[in-house]
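Need coordinates for the below:
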Amino acid sequence: MDRGEVFEERKIECLILKEIEKARILGKNFETNEILTTTPISRDFLERFLSRLLERNYVSYDGRNWTLTEKGRKRIKVGLMGGVFDIIHLGHIAALREAKKLCDLLVIVVARDSVVKSLKGRYPVNSEKKRLEIIKSLKFVDLAILGDEKDFSKPVKHIKPDLIILGHDQKIPPGALSGIEDIRVIKLNLYLEGESTSSILQKIKDFVKEKP
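Sure thing, here's the model as predicted:
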């Protein structure tokens, strides 16, 4: 097996392991059809590859559902990034691009409306459902879910990330890592002048005032 074949095998392995882990996070069964409809992989090849992953003890199968073993989970790096993501701007895109470089599977936790209200004193411009759908559509995001309204640690414990990735102005919410160990926290040293939700809202307000 040459280097090209090794790289390709690792790429396919990572893709399958990611899809199985995404299904677990969403509380669903892993569906092979989702890979078959989005990649040129044939069903026969996928079945053979899954058998190979079983032999290597990277996955387990109970007759209905596929799950990652502890050994298999270590084959992929999962990153978690949280935020409001109210009005998507270049700052968000740049941060998500950099976050994706740090992991195989980037999971975004979108803040609930009630949490935004309690932290910022106002509701977001866009509802949590709209913000979630927008984030899901971005190419750097592998998976997006809504956060918990009361317990910041709940999604972290469920996702079990290897990394928590923070934007330049973000901090870990109090209690978010309560009872959780062995998670690396990385703060992105990235800031684009004028690219923030507050500055965009201010520009809109100024524009409305100046409009004759």
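
what comes up buried for stretch 111-131?
111-113, 115-116, 124, 126, 128, 131 (16 or more other CB atoms under 10 Å). In short, each C-beta sits where N, CA and C put it, glycine included.

same deal with stretch 156-170?
For stretch 156-170, by 16+ other CB under 10 Å, it's 156, 159-167.

Could you list which of these belong to helices?
156, 159 (DSSP state H).

Pull the contacting residues for residue 36.
42-43, 46 (CB atoms under 8 Å, 6 or more residues apart in numbering).

looking at these, which has the most residues close by?
For the contacts of residue 36, the largest number of neighbours (other CB atoms under 10 Å) sits with residue 46, at 17 neighbours.

what's the closest non-adjacent residue to it?
In space, residue 46 comes closest to residue 32 once its chain neighbours are excluded; the distance is 5.8 Å by CB to CB, 6 or more residues apart in numbering.

So what's the residue count around that neighbour?
For residue 32, using other CB under 10 Å, the count is 15.

And the buried residues of stretch 156-170, which is closest to residue 62?
Minimum distance to residue 62 across the buried residues of stretch 156-170 is 19.9 Å, recorded for residue 160 (CB to CB).

Test my guess that the closest one contacts residue 76.
No. Using CB atoms under 8 Å, residue 160 is not in contact with residue 76; the gap is 11.5 Å.

just to revisit the earlier point, would you point out the most distant pair within the buried residues of stretch 156-170?
160 and 167 (21.5 Å).

Report the residue ranges of every domain in this structure.
3-73, 78-200 (automatic domain parsing).

and the next element down the chain from the longest helix along the chain?
When the chain is parsed with DSSP H, its longest helix is helix 3-26. Going down the chain from helix 3-26, the next helix or strand is helix 32-36, by DSSP states H and E.

can you tell me the average pLDDT over that next one?
Averaging pLDDT along helix 32-36 yields 89.

Could I get the phi/psi values of the residue nearest to the spatial centre of the chain?
Per CA atoms, centre = their mean, the C-alpha nearest to the average position across the chain is that of residue 107, at 1.2 Å. Main-chain torsions, residue 107, degrees, to the nearest 10: phi -110, psi 130.
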